[in-house]
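[1] Build the 3D model from these lines:
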Amino acid sequence: MIEKIYYTKHNLTQNIDCSLNPPSVFDGSYAECDFYSADKRKWQSAPYITKSANGNLYATFSGDNYGGDEQPNNYNVILKSCDNGKTWKTVTVIDHMDSVRLHEPILWRDANNRIWHFWAQSYNWWDGRGGVWSMYLADEENNIWSEPKRLCDGVMATAPITLKNKKIMLPVSIWKCFPSEYHRLPELEKSSVYISEDNLESVLLAGSANEPNTTFDENAIVERSDGSIYMIMRTSDAITYSISEDEGKTWSECKPVMKHASARSYLSALGNGKYLLVTNNNPKERSHMTAFLSEDECMTWTPKLLLDEKCSVSYPGGCVDENDRVYVAYDYNRYNDEEVFFATFTTEELTQGKITHPDSGLQNLIEKGKNGKSSSSKVFEDGSNQEI
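    Modelled structure (predicted):
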C-alpha cells in the first residue's frame with residue numbers, strides 16, 4: 001500500500017538533500033489509484049516518445065494529481081502501445097515519496113536497442129542542483145526496469161545522442177536564471193554536454209556553451225556530417241545555437257536560429273543526411289507545432305509539416321526509427337485540457353511537405369488527464385490516422 005504525502009511550501013521535508021535518494025518505481029496497476037489515475041490528474045506536461053526494437057511504442061510525461069502545476073508532487077508515467085499508437089496502457093509510474101519533484105522525463109533507445117528512461121529530480125520545485133537520473137528496460141516482455149541511478153548534477157531536458165565513435169553525449173544544463181536558496185553551482189550554470197564511454201555506467205563533463213539569455217536551457221544536440229556538434233538552447237524570445245569542433249570541450253559564440261516563444265524544441269539528425277527540428281512556428285506563442293527541415297547542416301531551417309495549429313501546444317520530444325519514420329509527442333493545454341498527442345511521418349514525407357503514407361498521421365491522442373478545467377481539443381476517437 002502506498003503512503004503518499006502531498007507536499008506544499010508549508011510542509012517540505014527539512015532534508016534538502018532528499019532528492020539524492022532514488023524514487024519508487026511502480027508497475028502499471030498503480031495507475032488506477034487516486035495518486036496517479038488519469039481520472040484524478042490535474043496536469044500533464046513535457047512528453048517524449050520512442051520505439052523499441054520489437055516495434056512497440058513507449059511514451060512518457062510528467063503528471064500531477066494534487067495542485068495541478070509544477071511542484072514536488074509531480075511524478076512520471078510510462079505508457080506502452082503495441083498497435084502503433086492506436087491504444088495505450090500505463091505500464092510504469094515513477095514517483096519520489098519525499099519533497100522531490102520529478103520532471104523532464106525522456107525515453108531513448110540506444111545503439112544496443114536498450115530503452116532508457118531519464119528524468120530530473122529536484123528538491124521542492126528547483127533546488128539549484130537538480131540531478132539527471134536514469135534506468136533502462138532490462139526485460140521488455142515483463143516490464144522490468146533496472147535500479148534508478150543518478151548520473152550527474154543538472155537537468156537533461158532532451159535525449160542524448162550516440163556519436164559516430166560510439167560514445168554517448170548528454171545535453172545537460174543548470175538553470176542560472178532561477179537561483180535557488182538551497183544549492184548553487186555557478187560554475188555549471190551553462191548549457192553543457194557530458195560524455196559516456198561505458199554505455200552510461202558513468203558520465204564526465206566535456207564542456208559548456210554560455211548563452212547569457214537562457215531560461216531553462218533545454219539544450220538539444222546533433223552530430224553533423226563532419227563530426228562537429230550543433231547545439232540549440234532556449235532563451236526568452238529565441239532559439240540560439242553554438243557549435244563544437246572538439247567533441248564538446250569548447251563552443252562557438254552563441255548565435256540566433258530564429259525568433260521563438262520560450263519553449264522546448266526537438267532536434268534530430270535524419271538518416272538521409274538532413275536534420276529535423278520540431279518546434280512552435282510562432283515567435284511569441286506556443287502554437288503551430290511544426291516540423292522544420294535543414295538540408296545545409298543546420299544553418300537554415302524550412303517549415304515543412306504543420307503538425308498542430310492550436311495554441312498551447314508545446315514541448316515536442318521523439319525519435320527517428322531505423323526505417324526513417326519520425327515519432328514526435330507533445331502536450332496540449334497542460335493545465336486545462338491536459339492532453340498528450342503524437343505525430344508520425346516519414347523523412348520522405350517531411351521532405352515533400354505532405355502526408356501520403358497510410359501509417360502516418362497527426363494529432364493522435366496518447367493520454368488525457370480528466371480533471372482539468374475544460375476539454376475543447378480535437379480528438380480522433382476512432383483511432384484512425386489523420387492527414388493534414
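
[2] Tell me where the stretch 201-350 of the chain has helices.
    347-352 (DSSP state H, counting those that start in this stretch).

[3] Flag the shaky bits of it, pLDDT-wise.
    Within the stretch 201-350 of the chain, no stretch has pLDDT under 70.

[4] State the number of residues packed around the nearest residue to residue 188 once chain neighbours are set aside.
    Among residues not flanking residue 188 along the chain, residue 174 sits closest, at 4.7 Å (Cβ to Cβ, 6 or more residues apart in numbering). The way it works is simple: take the backbone N, C-alpha and C, and place the C-beta from them, glycine included. Neighbourhood size, residue 174 [other Cβ atoms under 10 Å]: 25.

[5] Let me see the contact set for the closest residue to residue 98 other than its chain neighbours.
    Residue nearest to residue 98 in three dimensions, not counting chain neighbours: residue 18, with 4.3 Å by Cβ to Cβ, 6+ apart. Counting by Cβ atoms under 8 Å, 6 or more residues apart in numbering, residue 18 makes contact with 96, 98-100, 123.

[6] May I ask which of the residues you listed has the most neighbours?
    residue 123 (27 neighbours).

[7] how about the nearest residue to that one, chain neighbours excluded?
    Residue 123 sits nearest to residue 19 (Cβ to Cβ, 6+ apart), 4.6 Å away.

[8] how about that neighbour, what does it touch?
    96, 98, 100, 121-123, 127, 129-131.

[9] name the element residue 77 belongs to?
    strand 75-81 (DSSP states H and E).

[10] circling back: and the contacts of residue 19, which is closest to residue 351?
    residue 130 (37.7 Å; Cβ to Cβ).

[11] Confirm that residue 30 sits in a helix.
    Yes: with DSSP: H, G, I helix; E, B strand; the rest coil as the criterion, residue 30 is part of a helix.

[12] measure it to residue 105 for me?
    16 Å (Cβ to Cβ, to the nearest Å).

[13] who's more crowded, those two?
    Between residue 30 and residue 105, counted using other Cβ under 10 Å, residue 105 has the larger neighbour count: 27 against 18.

[14] wait, isn't the more buried one in contact with residue 118?
    Yes: with contact defined as Cβ atoms under 8 Å, residue 105 reaches residue 118; the gap is 7.3 Å.

[15] Overlap in contacts, those two.
    With Cβ under 8 Å, 6+ apart, residue 105 and residue 118 have no common neighbours.

[16] mind listing the strands for the stretch 1-150 of the chain?
    24-27, 43-51, 57-64, 75-81, 89-95, 100-109, 115-123, 132-139, 144-145, 149-152 (DSSP state E, counting those that start in this stretch).

[17] any idea of the angle the second one forms with strand 75-81?
    Computed with axes from the mean of the first three to the mean of the last three Cα atoms, to 10 degrees, the direction of strand 43-51 lies at 40 degrees from that of strand 75-81.

[18] what helices or strands is strand 43-51 leaning on?
    Judged by 3 or more Cβ pairs under 8 Å, 6 or more residues apart in numbering; DSSP states H and E, strand 43-51 is in contact with strand 57-64, strand 100-109, strand 313-320, strand 325-332, strand 339-346, strand 361-368.

[19] Quick check: which helices or strands does the second one pack against?
    With contacts defined as 3+ Cβ pairs under 8 Å, 6+ apart, strand 100-109 has these neighbours: strand 43-51, strand 57-64, strand 75-81, strand 89-95, strand 115-123, strand 313-320.
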